[in-house]
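**Student:** quick one, structure for this:
(2 chains)
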Number of protein chains: 2
Amino acid sequence: VNEDRITARLRRHSPLIGDDCAIIKAPAGKDLLFTTDFTIEGVHFTRDLPATQVGHRALLRGLSDIAAMGGTPKYCLVSLAVAPWAGERWTDDFYRGLLGLASQHKTQLAGGDLSHASQVVVDIVVYGVVQAGKALRRTGARPGDRIWVSGALGGWHHQLNPKPQLAVGRKLIGRATACMDITDGLVLDLHRLCLASGVSGELEDIPLLKNATIEQAMFDGEDYALLFTSSKRTNPGFCIGSIVEGKPGRILYQGKPLVPRGYDHFQSNSSVD
Amino acid sequence: VNEDRITARLRRHSPLIGDDCAIIKAPAGKDLLFTTDFTIEGVHFTRDLPATQVGHRALLRGLSDIAAMGGTPKYCLVSLAVAPWAGERWTDDFYRGLLGLASQHKTQLAGGDLSHASQVVVDIVVYGVVQAGKALRRTGARPGDRIWVSGALGGWHHQLNPKPQLAVGRKLIGRATACMDITDGLVLDLHRLCLASGVSGELEDIPLLKNATIEQAMFDGEDYALLFTSSKRTNPGFCIGSIVEGKPGRILYQGKPLVPRGYDHFQSNSSVD
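**Tutor:** Sure thing, here's the model as predicted:
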């Protein structure tokens, strides 16, 4: 694997690669959105996952963050540290998977870095835009709002090809009072949203993916559905509960408080490490 | 090490942290600059480097890329995967070193990611701005231009606290025909600049840091000086040679061709791995 050779190959996909920085025109009337997400061997995936899927999922994580803000992705930067077991073929497949998803969402590769490590480490940056002042935040949920998800849940076990919910996110602008994507599990992520908004949440019915258990729907990560709150009843998706006054971040399910556990990378994944 | 607790602590430094993306106002009359750089244990540093220095150097790499384009840094995103040997104290020191350099250059922490790996992996993103249409590129060197460096060279062995050359970069706008920063060694980086511009380069005198050898000045990485070309003779720094017609990327030293080797992360660093 030779850095200049891989860079030369990627440059065919993007005229923005080749200088110390990518240069991008500032958009008029928009706010800029930035997000960065790791995808690490042994933490987010294991070696048996095909390289194209690793590339797909790495970008998915960033696109899903843009969706959660109601934004439109524009460019991505990809930093890849390859491991000794992952050769040039693996690297090519990785970029192929990533660039496939990028082109579906008109997201251009604008740069990155390439190095090596004892395990594969990917860090992806996505830059997107949103109407100025209109980005969806986590802070606006108010007592009386209903809680929604954009699709059925069940965690990564039950998702073959999760898609970033970009169209749903854009539709929610002006309608959702708060929004985020579910990546670490419904309960932990709803806890975070309620904490940011200073409210409590009451879960009622949770729509399940085929064969998924309620436990998986609540605590597994990588659903990539949008979780949002709204006082309106005409939203896309499923209503799963409501926002109530109470201790910030407290989550109740059928009247009982839940421990906000989920996929915290520092606590729950020693099994794949 | 708990993700939400560290995030809460970092949020005190930045109101931008807390949503799925950072939201930033688009600047008027500017182009946006993006760069991303890995800093990996065993590749870019060893465990005996103090954590504050690891943080400092991680950000330095990104700021130096912004300097190389003539830009001004605005925000950074920091993705950190901690290793089992690096605990909460190490993590605190890392961020302290990084945020110290950030505040010197008015660069605000706008987000990031936190995970773990078997070795420490940092990926830094810096977002900056530059006057629209004025960014310094690698492609504009022309035969007859002189080649310059912003300071004496010698590689990382001889640099205690390298600084990003942001003021020099901004001064070069409208004066330099091509520019980049020296991170992988003078000869390899000049080769890249000449390749991008379709020209050859002739090196004459190279200014050395105290105790550095000419070999180190040519082939060691991490100088963080700016390397640029210009037809003007009033530039800051040292004139080290000139651009000539010839095979794109060919570098001559005192009349003899040099092999463009240097710090390629895939080839030369097995000694620290």
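**Student:** which residues of chain A score low on pLDDT?
**Tutor:** Low-confidence segments of chain A (pLDDT under 70): A:1-3, A:263-273.
**Student:** for it, which segments count as strands?
**Tutor:** Per DSSP state E, chain A carries strands over the ranges A:22-25, A:30-40, A:72-82, A:108-116, A:121-131, A:146-149, A:178-181, A:200-203, A:226-230, A:238-244, A:251-253, A:256-257.
**Student:** want to throw these into JSON lines with distance to residue B:43 and mean neighbour count?
**Tutor:** For every residue, glycine as well, the C-beta is placed using N, CA and C. Below are the strands of chain A laid out as JSON lines (distance: least, C-beta to C-beta, whole Å; neighbours: other C-beta atoms under 10 Å in any protein chain shown):
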{"stretch": "strand A:22-25", "distance to residue B:43": "23", "mean neighbour count": "19"}
{"stretch": "strand A:30-40", "distance to residue B:43": "16", "mean neighbour count": "25"}
{"stretch": "strand A:72-82", "distance to residue B:43": "8", "mean neighbour count": "24"}
{"stretch": "strand A:108-116", "distance to residue B:43": "6", "mean neighbour count": "22"}
{"stretch": "strand A:121-131", "distance to residue B:43": "11", "mean neighbour count": "26"}
{"stretch": "strand A:146-149", "distance to residue B:43": "41", "mean neighbour count": "22"}
{"stretch": "strand A:178-181", "distance to residue B:43": "32", "mean neighbour count": "26"}
{"stretch": "strand A:200-203", "distance to residue B:43": "44", "mean neighbour count": "21"}
{"stretch": "strand A:226-230", "distance to residue B:43": "37", "mean neighbour count": "27"}
{"stretch": "strand A:238-244", "distance to residue B:43": "45", "mean neighbour count": "19"}
{"stretch": "strand A:251-253", "distance to residue B:43": "42", "mean neighbour count": "19"}
{"stretch": "strand A:256-257", "distance to residue B:43": "46", "mean neighbour count": "10"}
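**Student:** will you turn those into a markdown table that also has distance to chain B?
**Tutor:** Converted to a markdown table, those look like this (distance: least, C-beta to the nearest C-beta, whole Å):
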| stretch | distance to chain B |
| --- | --- |
| strand A:22-25 | 4 |
| strand A:30-40 | 4 |
| strand A:72-82 | 5 |
| strand A:108-116 | 5 |
| strand A:121-131 | 4 |
| strand A:146-149 | 15 |
| strand A:178-181 | 6 |
| strand A:200-203 | 17 |
| strand A:226-230 | 10 |
| strand A:238-244 | 18 |
| strand A:251-253 | 14 |
| strand A:256-257 | 18 |
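**Student:** looking at the ones you listed, which is nearest to residue B:39?
**Tutor:** strand A:108-116 (9.1 Å; C-beta to C-beta).
**Student:** so how far is that closest one off the chain centroid?
**Tutor:** A distance of 19 Å separates the C-alpha centroid of strand A:108-116 from that of its chain, computed with C-alpha atoms, centre = their mean, to the nearest Å.
**Student:** try stretch A:41-57
**Tutor:** With C-alpha atoms, centre = their mean, you get 15 Å for stretch A:41-57.
**Student:** give me the buried stretch members for that stretch, please.
**Tutor:** The neighbour-count check on stretch A:41-57 (16 or more other C-beta atoms under 10 Å in any protein chain shown) flags A:41-45, A:51-57 as buried.
**Student:** also near chain B: which of those residues, exactly?
**Tutor:** A:42-44 (C-beta under 8 Å from any C-beta of the partner chain).
**Student:** quick one on the thing from earlier: now, among the buried residues of stretch A:41-57, which is nearest to chain B?
**Tutor:** Of all the buried residues of stretch A:41-57, chain B sits closest to residue A:43, with 5.6 Å by C-beta to the nearest C-beta.
**Student:** coming back round to it: next, format the buried residues of stretch A:41-57 as TSV and append distance to residue B:9.
**Tutor:** Conversion of the buried residues of stretch A:41-57 to TSV gives the following (distance: C-beta to C-beta, whole Å):
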residue	distance to residue B:9
A:41	28
A:42	26
A:43	22
A:44	24
A:45	28
A:51	36
A:52	38
A:53	34
A:54	31
A:55	33
A:56	33
A:57	29
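**Student:** surely residue A:225 touches residue A:155?
**Tutor:** No: the pair residue A:225 / residue A:155 is not scored as a contact, 10.6 Å apart, by C-beta atoms under 8 Å.
**Student:** who has more neighbours, the two?
**Tutor:** Between residue A:225 and residue A:155, counted using other C-beta atoms under 10 Å in any protein chain shown, the more crowded position is residue A:225 (28 against 23).
**Student:** quick one: contacts for that one?
**Tutor:** Residues in contact with residue A:225 (C-beta atoms under 8 Å, 6 or more residues apart in numbering or on different chains) are A:149-153, A:165, A:181-182, A:237.
**Student:** just put the strands of chain A in TSV and tack on distance to residue B:262.
**Tutor:** Listed next are the strands of chain A as TSV, based on distance: least, C-beta to C-beta, whole Å:
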stretch	distance to residue B:262
strand A:22-25	23
strand A:30-40	28
strand A:72-82	19
strand A:108-116	15
strand A:121-131	23
strand A:146-149	51
strand A:178-181	41
strand A:200-203	55
strand A:226-230	46
strand A:238-244	56
strand A:251-253	54
strand A:256-257	59
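**Student:** among those, which is nearest residue A:7?
**Tutor:** Residue A:7 sits nearest to strand A:108-116 of all the strands of chain A, at 7.0 Å, using C-beta to C-beta.
**Student:** how are the helices of chain A distributed by residue range?
**Tutor:** Along chain A, the segments classed as helices by DSSP state H run A:3-11, A:51-68, A:88-104, A:166-171, A:186-197, A:214-219.
**Student:** report the angle between the longest one and strand A:30-40.
**Tutor:** Right, helix A:51-68. 150 degrees (axes from the mean of the first three to the mean of the last three C-alpha atoms, to 10 degrees).
**Student:** so which elements touch helix A:51-68?
**Tutor:** The contact analysis (3 or more C-beta pairs under 8 Å, 6 or more residues apart in numbering or on different chains; DSSP states H and E) places helix A:51-68 against strand A:30-40, strand A:72-82, helix A:88-104, strand A:121-131, helix A:166-171, strand A:178-181.
**Student:** got a list of contacts for the third one?
**Tutor:** Residues from elsewhere that reach helix A:88-104 (C-beta under 8 Å, 6+ apart): A:1, A:6, A:10, A:13, A:50-56, A:58-60, A:63, A:76, A:78, A:80, A:82, A:86, A:107-109, A:122.
**Student:** got it, and the fifth one?
**Tutor:** The contact list for helix A:166-171, computed with C-beta under 8 Å, 6+ apart, reads A:63, A:66-73, A:105, A:136, A:150, A:179, A:226, A:236-237.
**Student:** buried residues in it?
**Tutor:** For helix A:166-171, the buried set under the neighbour-count rule, 16+ other C-beta under 10 Å, comprises A:166, A:168-171.
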